[in-house]
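Next input, structure requested:
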Amino acid sequence: MGRAPSFCGVILSAGESSRMGQPKALLSWRGGTILSGVIRLLNAFTDMVIVVAGANVEQIRPVADAQGAFLVVNPQPERGQFSSLQTGVQEVLNRGRDAAIIALVDRPPARPETVQHLKDEFLARVDQNIWATVPEYEGKRGHPFVVGRELIGHYLDAPSSANAREIHHANPDRIVYVPVADPLVTANIDTPEDYARLCADYAEKTFAR
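Reported below is the predicted structural model:
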């Protein structure tokens, strides 16, 4: 059996939130913000959490600092989300870790048991040349997902115009899609209407954690 990987959390938070009209990272959620909630979630399952910021770095710095997360800046966030992913996973390697749990700041934190399940499924396959475990809810794939060093290398070798989905699809035998009973893994927030709808759903369904 090989050595167990060491994990970083990586939160992609460099977008402009132009359709939302305010930083998604700072939207209220469960007594805090979406960003603080995602940091707390990943802190429970990783050695450290890295938040990838862009032009919004000074806006989100207080939240990251308060939660003990490390900030890294994507120098060209206009290149798109994949460039932020590359910035984040490079920092994972720079800090001596070899696996990551990747989350987005445009969806609320998943249930802790979901992240534990994804991590357990990844660790169970460490010696089977599996590169990632990705959650799947009602046929839709989402976040957060777990990646190992091999997939991190493929991300870094790809052009910034690529995307994670393309790389996953090019290596289907290396990616495990894990069914989960957690609607938050696919709950995108792009607009004020999305946010209002999700808050209403959350109140109605009380996604207990």
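
rest of the way, CA atoms for contacts and neighbours
OK.

what about residue 58, how many residues close to it?
Neighbour count of residue 58, defined by other Cα atoms under 10 Å: 10.

distance of it from residue 26?
Residue 58 sits at a distance of 12 Å from residue 26 (criterion: Cα to Cα, to the nearest Å).

Residue 32 too?
Here residue 32 is placed at a distance of 8 Å from residue 26 (Cα to Cα).

Next: residue 193.
Using Cα to Cα, we find residue 193 at a distance of 16 Å from residue 26.

When those two are compared, which one has more neighbours?
residue 26 (16 against 11).

what about the nearest residue to the more buried one once chain neighbours are set aside, neighbour count?
Leaving aside its sequence neighbours, residue 26 sits nearest to residue 33 (Cα to Cα, 6 or more residues apart in numbering; 5.2 Å). A count of nearby residues for residue 33, using other Cα under 10 Å, gives 17.

Residue 33 against residue 39, yeah?
No: the pair residue 33 / residue 39 is not scored as a contact, 9.9 Å apart, by Cα atoms under 8 Å.

show me where pLDDT drops low in the chain?
Low-confidence regions of the chain, defined by pLDDT under 70, span residues 1-3, 17-18, 21, 203-209.

now the strands for it?
With DSSP state E, the ranges of strands along the chain come out as 7-13, 28-29, 32-33, 48-53, 70-73, 99-104, 132-137, 140-141, 145-148, 175-179.
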